[in-house]
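K.L.:
What would the 3D arrangement of this be:
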Amino acid sequence: MPPKPFLGLAGTRTKEPEIPLADLEKVRDKGEDAFLTFLKDETGRSVSALKKALEAETDGQDAAKFRTVCQGDDELWHRVEPLPDWSDLTRSATQL
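P.N.:
Purely as a prediction, here's the structure:
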């Protein structure tokens, strides 16, 4: 059984959690308020900073980085692609 994909979220100095992608998808599906609350609790970042990060658009370079991290797994890429701009929410060394 392959390992679960996860995202390493950028947070405060003392909070940089690694969250399973499936957990992030479930919370996101509960709506924006639930998602922001979850991200705030996990990362220690302010709601305004998180909103700004979520509203940023993914550019081609960021998309290419995430496709590379997906290691050619198209199914995984299709799970990540519709998510908000994770480049402003994730650590640069994120693993999926």
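
K.L.:
Which residue ranges of the protein form helices?
P.N.:
Using DSSP state H, the helices of the chain run over 21-28, 32-43, 47-55, 60-69, 74-80.

K.L.:
what about L50, neighbour count?
P.N.:
The number of residues packed around L50, counting by other C-beta atoms under 10 Å, is 22. C-beta coordinates here come from the backbone N, C-alpha and C atoms, glycine included.

K.L.:
follow-up on the earlier one: of all the helices of the chain, which lies closest to T12?
P.N.:
In this view, the helices of the chain are compared for proximity to T12 by C-beta to C-beta, and helix 32-43 is the closest at 6.8 Å.

K.L.:
among the helices of the chain, where is the model least confident on average?
P.N.:
Note on the helices of the chain: helix 60-69 shows the lowest mean pLDDT, a mean of 78.

K.L.:
got a list of what T43 touches?
P.N.:
9-12, 15-17, 50, 89 (C-beta atoms under 8 Å, 6 or more residues apart in numbering).

K.L.:
From the residues you listed, list the buried ones, please.
P.N.:
9-11, 17, 50, 89 (16 or more other C-beta atoms under 10 Å).

K.L.:
how about these, which pair is most distant?
P.N.:
The most widely separated members of those, counting by C-beta to C-beta, are P17 and L50 (13.5 Å).

K.L.:
any chance of the contacts of T43 in JSON lines, plus distance to V27?
P.N.:
What follows is the contacts of T43, written out as JSON lines (distance: C-beta to C-beta, whole Å):
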{"residue": "L9", "distance to V27": "12"}
{"residue": "A10", "distance to V27": "17"}
{"residue": "G11", "distance to V27": "16"}
{"residue": "T12", "distance to V27": "19"}
{"residue": "K15", "distance to V27": "16"}
{"residue": "E16", "distance to V27": "18"}
{"residue": "P17", "distance to V27": "13"}
{"residue": "L50", "distance to V27": "13"}
{"residue": "L89", "distance to V27": "13"}
